[in-house]
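**Q** just a sequence and a predicted model for now, questions to come.
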Amino acid sequence: MNKNVEIDSQSVENKGAGSQRPDVLTTRQQQILERLAREGQLAVEPLAAHFSVTPQTIRRDLGALCERGLARRRHGGIKRPPGGHNLVHSQRSVMARSAKQKMAARVVDEIPDGASLALGIGTSVVAVAEALIARRGLRVITNNLQVAQVLSNHPDIGVQLAEGRLRPQDLDVVGSATVAFFTRHQVDIAVLGCGGLDAKGLLDFDPEEAAVSRALLDHAQRRILVVDASKWGRAAMCRIGTLNAVDLLVTDEPPHRADYRTALNAAGKHSLQVRFTT
């Protein structure tokens, strides 16, 4: 047997029942994507050493991410896509999946039976909706179509969907009618995500997204932000509010930059609580 032949167990597993579905990432590709979200750019050789595979295997993984629009090619590796706009829902849904599930479970610990909820847009909020199967007697308002679909299968949760302008790629509705919908309600708990975080607070990619999130924050007794650590430093353009606009931040790990950690500590001295899942 040629000792230079590498057997990629993940590729073998994926080919066992036919070729890999184009919308599904391997475990290694997901881990590369999550690392890219944290670090901004990655090189082939260190990744090959980290995963104990050949550079050729890593190049195939990186090519798959670039084909999906999840990364951009650079000499010797990949980098994050340019800021200023968000990935579409199908692309975001594969990012940090395990982290989102852990965060969702932690958020649901904060939600009692019988509560009224406003659930915002984003894949992290969808993960929270999936975890709400553990609760009973909830009343939910949302502009997130996937949240509504998930909860439609739960017989003990009442769901009201906001009106507004449909964004098919994002699976949500936004606009002035959506803002007015949330303004007409007052709920116990609002759960939302955001496109980015910096030392000054919460950011999003689109003015309409930011306006809807502000409406959620303004009409809830308690406000929970659920985001993974890759959101720190993302170049989203629209300001939602300060870190103290939310009562609880649920995230997977602390930010890597010292100024972001300092901002979190400062917000914690006022009203912000932070829960890490790892």
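**A** Perfect, I can see it now.

**Q** care to break the protein down by domain?
**A** Domain ranges of the chain: 9-82, 90-276, per automatic domain parsing.

**Q** any idea which of the ones you listed scores lowest on pLDDT?
**A** Within the domains of the chain, confidence is poorest for domain 9-82, with a mean of 78 (mean pLDDT).

**Q** mind listing the helices for the stretch 151-278 of the chain?
**A** In the stretch 151-278 of the chain, helices defined by DSSP state H, counting those that start in this stretch lie at 176-183, 207-218, 258-268, listed in chain order.

**Q** L25: which of those helices is closest?
**A** Nearest to L25 among the helices of the stretch 151-278 of the chain is helix 207-218; the distance by CB to CB comes to 25.3 Å. (C-beta placed from N, C-alpha, C; glycine too.)

**Q** redo the domains of the chain as CSV? Include mean neighbour count.
**A** Below are these laid out as CSV (neighbours: other CB atoms under 10 Å):
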stretch, mean neighbour count
domain 9-82, 15
domain 90-276, 19
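
**Q** so what's the residue nearest to A229 when sequence neighbours are not counted up against?
**A** Take A229 and drop its neighbours on the chain: the residue closest to it by CB to CB, 6 or more residues apart in numbering is E253, 4.8 Å away. With contacts defined as CB atoms under 8 Å, 6 or more residues apart in numbering, the neighbours of E253 are A229, F276, T277, T278.

**Q** residue contacts, E130?
**A** With contacts taken as CB under 8 Å, 6+ apart, E130 has the following neighbours: Q101, A104, V150.

**Q** so who does the spatially most central residue of the chain touch?
**A** For the chain, S124 is the residue whose C-alpha lies nearest the centre (CA atoms, centre = their mean; 4.2 Å). Residues near S124 by CB under 8 Å, 6+ apart: K100, M103, A104, G193, V226, V227, D228.

**Q** quick one: it is in a helix?
**A** Yes - membership of S124 in a helix is supported by DSSP: H, G, I helix; E, B strand; the rest coil.

**Q** isn't V128 right up against L117?
**A** No - with contact defined as CB atoms under 8 Å, V128 and L117 do not form a contacting pair (9.1 Å).

**Q** which residues do those two both contact?
**A** With contacts taken as CB under 8 Å, 6+ apart, the residues that reach both V128 and L117 are V191.

**Q** all the strands of the stretch 51-200 of the chain, residue numbers only.
**A** Taking DSSP state E, counting those that start in this stretch, the strands of the stretch 51-200 of the chain run over residues 72-74, 77-79, 116-119, 138-142, 157-161, 165-167, 172-174, 187-192, 196-198.

**Q** and these: which comes nearest V246?
**A** V246 sits nearest to strand 187-192 of all the strands of the stretch 51-200 of the chain, at 8.0 Å, using CB to CB.
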